[in-house]
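> sequence and predicted structure below; questions after.
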Amino acid sequence: MKTQFIFSYVDKDENGIYRDMTSNKAMGIIDYLPSHKVMKSSLATKVEKILLSSYMQNNPLCSVFQDIYANLDSYYYDRDNEYFVLLPSTSIGKLSLKYLERFHDQHKNVKLFPILTDSMHASSPHMEYVRPKLYSSVWEKVLTFDKNDAEEYGFTWFGYSWYSKFENIEPSKEKTDLFYVGFKKGNREELLADIYDLALEHGLQCDFRVVSTNEAMIKSGRSLRYSKRRYPYPDLVSMIKSSKCVLEVLQDGQDTQTIKYYEAVCYGKKLLTNNRHLKELPYYSDENMKYFKTVDDIDWDWIKADVPVIYNYEDEFSPLKIVDFLKGLYDK
């Protein structure tokens with residue numbers, strides 16, 4: 001029996017962390033299947049986005065809309081083959097459990113694998129609608145990037161393979177010492193403001209972009225300001241490439257690395273983080289990565305130092321490696 005791998009997501013994620021799954025790299029390794037119907041007009045696309053948005057999740061008709069737009073059935077599943085379908089959490093949040101159960105019952109030769117790149121204890125908004133679905137029997141295994149969640153919830157930790165490197169993006173012309181971007185969530189506002197103020201006091205060139213949907217600035221008397229603008233990810237990569245150091249601040253309840261760690265390694269940048277498990281990660285070195293528990297631990301001169309950062313990264317983080325991981329689990 002032949003095993004076919006399928007990556008099913010809301011789009012091809014051409015500007016996101018899953019881009020390797022749908023690029024030329026994926027040819028002959030994994031097929032792409034839109035998890036939801038692809039509309040033929042811009043108006044229809046807008047209507048679909050509204051009906052599947054988080055704002056509709058509490059509407060009694062939400063599950064109806066999720067069933068209407070679901071697209072997993074559109075693939076031809078040969079009865080003589082076996083299929084492993086990988087579904088990132090964003091897609092799962094927009095699929096009703098009823099639809100997934102029906103699909104699972106009708107396709108006995110299809111195994112469904114959710115991919116979690118958000119921690120169960122973090123405050124990523126869409127996870128509110130994903131968590132309840134993860135305990136269903138429709139899943140073959142729940143795959144997570146968070147080793148701690150794997151231990152706590154009985155999920156399967158797939159390692160560090162979930163970031164697609166952007167090779168051809170040019171660095172921004174604006175050079176900085178320390179770069180941070182993230183949403184206002186996870187109770188980290190005060191710490192970020194403290195780091196920003198102290199960095200300015202020590203003469204660092206900083207670029208902090210804290211995105212908030214309902215505020216223009218933090219508390220009075222602080223230098224750090226919020227922005228309502230969401231930045232295209234390729235623009236952020238350009239900013240990262242022009243900075244000496246990437247700042248990572250975990251949300252309350254999170255105990256594992258974020259995308260900042262992967263960005264630092266992939267683009268050859270120093271990493272400043274409050275992740276206490278830093279030394280356990282691949283590519284860790286005391287020269288290139290520093291842990292801080294409080295702002296008093298931060299070495300500002302280390303951040304400012306203009307030194308080469310070399311990790312010898314060889315694409316080990318690509319999400320395509322999840323295919324190899326599953327082959328290893330099932331001896332495919």
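Done, it's in. Numbering: from 1, shown residues only.

> need the longest helix for the chain.
As far as residue count goes, and with DSSP state H defining each element, the longest helix of the chain is helix 189-201.

> buried residues in that one?
Applying a neighbour-count criterion of 16 or more other C-beta atoms under 10 Å, one finds Glu189, Leu192, Ala193, Ile195, Tyr196, Asp197, Ala199 buried in helix 189-201. Backbone N, C-alpha and C define where each C-beta goes, glycine included.

> confidence-wise, which helix or strand of the chain is lowest on average?
None of the helices or strands of the chain scores lower by mean pLDDT, DSSP states H and E than strand 226-227, at a mean of 81.

> run the chain-centre distance for it.
Taking C-alpha atoms, centre = their mean, to the nearest Å, one finds the center of strand 226-227 at 21 Å from the center of the full chain.

> tell me what it is packed against?
strand 206-211 (3 or more C-beta pairs under 8 Å, 6 or more residues apart in numbering; DSSP states H and E).

> now the strand it packs on: average pLDDT?
Averaging the model's pLDDT scores along strand 206-211 yields 90.

> ok and it relative to helix 189-201, angle-wise?
160 degrees (axes from the mean of the first three to the mean of the last three C-alpha atoms, to 10 degrees).

> any idea how far strand 206-211 is from the chain center?
19 Å.

> try stretch 34-44
Going by C-alpha atoms, centre = their mean, the spacing between the C-alpha centre of stretch 34-44 and its chain's C-alpha centre is 23 Å.

> phi first, then psi, for the residue nearest the centre of the chain.
Residue closest to the mean C-alpha point of the chain, counted by C-alpha atoms, centre = their mean, is Thr117 at 4.9 Å. Backbone torsions of Thr117, given as degrees, to the nearest 10, read phi -120, psi 20.

> ok, Ile6 next?
Here Ile6 shows phi and psi, under degrees, to the nearest 10, equal to phi -130, psi 130.

> if I look at it, how far off is Lys184?
In this structure, Ile6 and Lys184 are 36 Å apart, going by C-beta to C-beta, to the nearest Å.

> give the buried residues for stretch 12-19.
Neighbour-count burial for stretch 12-19, with 16+ other C-beta under 10 Å as criterion, is recorded at Lys12, Asp13, Gly16, Ile17, Tyr18, Arg19.

> now these as TSV including distance to Ser223?
Listed next are these as TSV, based on distance: C-beta to C-beta, whole Å:
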residue	distance to Ser223
Lys12	39
Asp13	35
Gly16	31
Ile17	31
Tyr18	35
Arg19	35
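
> quick one: contacts of stretch 227-237?
The contact list for stretch 227-237, computed with C-beta atoms under 8 Å, 6 or more residues apart in numbering, reads 15-16, 166, 169, 181, 209-213, 215-216, 263, 267.

> now that stretch - C-alpha only, PDB.
As requested, the backbone C-alpha atoms of stretch 227-237 are provided in PDB (Å, rounded to 0.1, in the frame of the first residue of the first chain):
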ATOM      1  CA  SER A 227       0.900  50.100  16.600                       C
ATOM      2  CA  LYS A 228      -2.400  48.900  15.000                       C
ATOM      3  CA  ARG A 229      -0.700  48.000  11.800                       C
ATOM      4  CA  ARG A 230      -0.100  44.300  10.900                       C
ATOM      5  CA  TYR A 231       3.100  43.800   9.000                       C
ATOM      6  CA  PRO A 232       3.500  41.400   6.000                       C
ATOM      7  CA  TYR A 233       5.900  38.700   7.100                       C
ATOM      8  CA  PRO A 234       8.400  39.300   4.300                       C
ATOM      9  CA  ASP A 235       8.800  42.900   5.500                       C
ATOM     10  CA  LEU A 236       9.500  41.600   9.000                       C
ATOM     11  CA  VAL A 237      12.200  39.300   7.700                       C
END
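
> next one: phi and psi at the closest residue to Ala150 other than its chain neighbours?
If you skip the residues right next to it in sequence, Ala150 has Trp157 as its closest partner in space, 3.8 Å away by C-beta to C-beta, 6 or more residues apart in numbering. For Trp157, the backbone dihedrals (degrees, to the nearest 10) come out as phi -80, psi 120.

> using PDB, write out every CA atom in the longest helix of the chain.
Output for helix 189-201, consisting of C-alpha atoms alone and laid out as PDB, is shown next (Å, rounded to 0.1, in the frame of the first residue of the first chain):
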ATOM      1  CA  GLU A 189       3.700  44.400  28.200                       C
ATOM      2  CA  GLU A 190       5.600  45.700  31.200                       C
ATOM      3  CA  LEU A 191       8.700  43.600  30.600                       C
ATOM      4  CA  LEU A 192       8.900  44.800  26.900                       C
ATOM      5  CA  ALA A 193       8.500  48.400  28.000                       C
ATOM      6  CA  ASP A 194      11.300  48.000  30.600                       C
ATOM      7  CA  ILE A 195      13.600  46.400  28.000                       C
ATOM      8  CA  TYR A 196      12.900  49.100  25.500                       C
ATOM      9  CA  ASP A 197      13.500  52.000  27.900                       C
ATOM     10  CA  LEU A 198      16.700  50.500  29.200                       C
ATOM     11  CA  ALA A 199      18.000  49.700  25.700                       C
ATOM     12  CA  LEU A 200      17.500  53.400  24.800                       C
ATOM     13  CA  GLU A 201      19.300  54.400  28.000                       C
END
